[in-house]
Each structure stands twice: as structure tokens, then as C-alpha cells.
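Colleague: Quick one: sequence plus predicted model below, questions after.
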Amino acid sequence: MSDKIYDFNQICDKVKNLDSKIRFAGIINERGRLTSGGMKEGIKSLESERYDEMLFMELALRVKMRREFDSQLGKVEFSMSKRGRTLAMSFPIDEDTLYVYAEPDADYKELPTKIIKIIKA
């Protein structure tokens with residue numbers, strides 16, 4: 001855990017404004033709950049609220065499982081998965097996770113680097 005204080009609402013807003021293809025930026029806590037951020041204004045979610053809850057809980061579990069390998073492999077900076085309908089990225093921030101998803105044709109080479117810069121600012 002770092003000593004840095006993060007303004008999660010500001011991080012989410014900056015990430016959502018980073019690229020027109022970003023649909024969602026939110027902070028998911030270690031229990032899988034959305035605590036900050038959400039859908040970009042004017043964009044409709046691809047799934048139901050109930051599905052989002054399950055997705056966030058699964059994400060929290062996956063992030064926790066990845067931490068088991070930090071001492072051998074180093075800390076995870078981000079993870080990404082490309083699906084037919086979305087590009088999903090997760091960025092651990094202390095005990096929480098910034099979860100971002102974008103249109104599937106978003107620039108997966110540049111976006112993670114730009115998002116990490118926002119987190120570290």
C-alpha cells in the first residue's frame with residue numbers, strides 16, 4: 001500500500017475524457033463494489049446492472065489472485081482483454097482497481113500507457 005492519496009473521481013473523469021472510444025472508467029474495491037466513476041455520460045451500458053455487479057466481483061477476485069505472484073513476477077501494472085464487443089483494462093491502485101472498458105477498436109497500444117500516466121500524476 002502506498003502513502004499516496006488518490007482522487008478517484010478525478011482519475012475516472014480524466015480517463016473517460018482521454019479518448020472518445022472509452023465507455024466506462026470506474027474504481028472497484030477489493031469486495032467487487034463500484035466506489036467511483038461509471039459510464040461515460042450519454043453512453044448506454046452493454047449489460048444489466050446485475051451483470052455489472054457480478055463482473056466487478058469477478059474482477060476483484062482476479063486482481064487478488066494475481067497479487068499472489070507479485071513476489072516472483074513483480075507487481076501487475078495493468079491487465080487487458082479484447083472481446084468481440086469491448087476492450088477491457090484493469091489497473092491495480094493499492095487495494096482498489098481502476099476498471100476501464102472501451103470500444104473494441106480502441107488503440108490498445110497507447111491507451112494503457114496514457115492511463116498509467118493519469119494514475120501516477
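Modeller: Alright, I've got the coordinates. Remember, predicted model here, so these are calculated numbers, not experimental data.

Colleague: Regarding this structure, what is its longest helix?
Modeller: In the chain, assigned by DSSP state H, the helix with the most residues is helix 49-67.

Colleague: which residues of the chain score low on pLDDT?
Modeller: 1-2 (pLDDT under 70).

Colleague: so what's the residue nearest to the spatial centre of it up against?
Modeller: The residue lying closest to the centre of the chain (CA atoms, centre = their mean) is residue 99, at 1.5 Å. Residue 99 is in contact with 24, 25, 26, 27, 28, 56, 59, 88, 89, 90, counting by CB atoms under 8 Å, 6 or more residues apart in numbering. All C-beta atoms are positioned from the backbone trio N, CA, C, and that covers glycine.

Colleague: Mind doing that once more with 10 Å?
Modeller: Residues near residue 99 by CB atoms under 10 Å, 6 or more residues apart in numbering: 12, 24-28, 34, 37, 55-56, 59-60, 63, 88-91.

Colleague: That one belongs to a strand?
Modeller: Yes. If the criterion is DSSP: H, G, I helix; E, B strand; the rest coil, then residue 99 is within a strand.
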